[in-house]
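[1] Below is the sequence, then the predicted model.
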Amino acid sequence: MAANLIARYIWEVNTLAKTRHGLSLDELNEQWQDSYLYDGKEIVRKTWWEHRNQISLQFGINIEYNNQTKRYFIKSRNEINRPAVQEWMLNSFAVGNMLLIGKDLRDRILCESIPSGYEYLTNIIQAMRENKVLALTYQSFWENEIKEVTAEPYFIKVFKQRWYLIAHVPDHENLRTYALDRIQELAITEQKFKLTKKIDAHEMYATAYGIVVGKEEQVERIELNVYNNQAKYFRSLPLHHSQREIATTEYCSVFEYYLQPTYDFIQELLLHGPDVEVIHPNHLRLLMKQRITDMIELYK
């Protein structure tokens, strides 16, 4: 899909979403003429019909028509049943277009440089759709040797602004995870594979904090004390979908989780320093204590 079409779809969605009672096609065209995307051509009914279809297909958003008011409108956000991947796409494109609008302010808008490896996404998604094996050259963070890997692409996942490929690799019992920004070369082969129906991506990561699925760690009930108004951050951006606030006092809030306390979860807890304290289970509390003691030793 052409980038300028995506930009137009996002503009149309945002323009309608900002109105209380919707817009007629004439009113939409009036605003279109003031848009930075305006190309000198009005939105004719046939084009608008096609755009509405594509917005529905790409983002799961239905633009409806009120026969009485002769206006087009989008139902409230709570009524839109949009899968998470479509929600993410819409938000990503919306932010991208916002930055394009503000391109004359480029010296005043600071963006983070993210090693994403997104250039491989198209081929990976194509291979997933056609159930074709990938041949990739991979440099792991943990190994000096560059490896040639034959991988059956099962899932892709985003975590902390990085893309990951989860794949089955011959001679390995468990699925392997590859960071896209560590891939040096990637090609789709003609070799086909059969996707194992026993593996469900959502179920697989339901009790994982991030990208690590623990092979030894069991799912546990975890309790955290959160101090110094940091609870407001936790409420607005939960660490995990199982998060539940089970107690609130003048001094702290207690949050409960059901997940595997894997390496990446422990690293996340350490990032919060003295604002977070593990209360339960005791073995995780002792592990955190040991990590903190090791850190203190570094600064003696």
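    Perfect, I can see it now. From a predicted model like this one, the values you see are computed outputs, not experimental measurements.
[2] Give the bridge partners for Glu152, please.
    Beta bridges link Glu152 to His168 when assigned by DSSP bridges.
[3] Look up how far Val169 lies from it.
    7 Å (C-beta to C-beta, to the nearest Å). C-beta here means a position set from N, CA and C on the backbone, and glycine is covered the same way.
[4] Neighbour count for those two, which is higher?
    Glu152 (22 against 15; other C-beta atoms under 10 Å).
[5] Could you break this structure into its assigned domains?
    According to automatic domain parsing, the chain comprises the domains 3-104, 118-205, 220-298.
[6] could I get those domains as a markdown table with mean pLDDT and distance to Val212?
    Below are the domains of the chain laid out as a markdown table (pLDDT from 0 to 100; distance: least, C-beta to C-beta, whole Å):
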| stretch | mean pLDDT | distance to Val212 |
| --- | --- | --- |
| domain 3-104 | 78 | 20 |
| domain 118-205 | 88 | 8 |
| domain 220-298 | 95 | 4 |
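[7] could you dump these to TSV with distance to Gly214?
    Shown next, in TSV, are the domains of the chain (distance: least, C-beta to C-beta, whole Å):
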stretch	distance to Gly214
domain 3-104	23
domain 118-205	11
domain 220-298	4
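[8] quick one: the helices in this protein?
    Secondary structure of the chain by DSSP state H: the helices cover 3-17, 25-32, 45-59, 84-101, 121-130, 201-205, 231-236, 263-271, 282-298.
[9] Could you single out the most deeply buried of those?
    helix 3-17 (a mean of 18; mean count of other C-beta atoms under 10 Å).
[10] looking just at contacts, which helices and strands does that helix meet?
    If contacts are counted by 3 or more C-beta pairs under 8 Å, 6 or more residues apart in numbering; DSSP states H and E, helix 3-17 sits against helix 25-32, helix 45-59, strand 63-66, strand 71-74, helix 84-101.
[11] The residue lying closest to Tyr120 once chain neighbours are set aside - how many residues pack around it?
    Leaving out its chain neighbours, the residue that sits closest to Tyr120 by C-beta to C-beta, 6 or more residues apart in numbering is Leu186, at 4.9 Å. Around Leu186 there are 21 other residues, counting by other C-beta under 10 Å.
[12] Ok, which of the helices of the chain comes nearest Gln161?
    Smallest distance to Gln161 across these (C-beta to C-beta): 10.9 Å, for helix 84-101.
[13] Identify the residue nearest His272 in space, chain neighbours excluded?
    Leaving aside its sequence neighbours, His272 sits nearest to Gln230 (C-beta to C-beta, 6+ apart; 6.6 Å).
[14] just Tyr65 next, same as before
    Spatial nearest neighbour of Tyr65, excluding adjacent residues (C-beta to C-beta, 6+ apart): Tyr72 at 5.5 Å.
[15] Phi, psi for Ser140 please.
    Dihedral angles of Ser140 (phi, psi; degrees, to the nearest 10) stand at phi -70, psi 150.
[16] so it touches Gln184, yeah?
    No - the pair Ser140 / Gln184 is not scored as a contact, 11.2 Å apart, by C-beta atoms under 8 Å.
[17] what touches both of the two?
    Common neighbours of Ser140 and Gln184, using C-beta atoms under 8 Å, 6 or more residues apart in numbering, do not exist here.
[18] what sits against the residue nearest to Gln126 when sequence neighbours are not counted?
    Spatially, and ignoring its direct neighbours in sequence, Gln126 is nearest to Ile188 (6.4 Å; C-beta to C-beta, 6+ apart). Contacts for Ile188 (C-beta under 8 Å, 6+ apart) come out as 123, 126-127, 130, 132-135.
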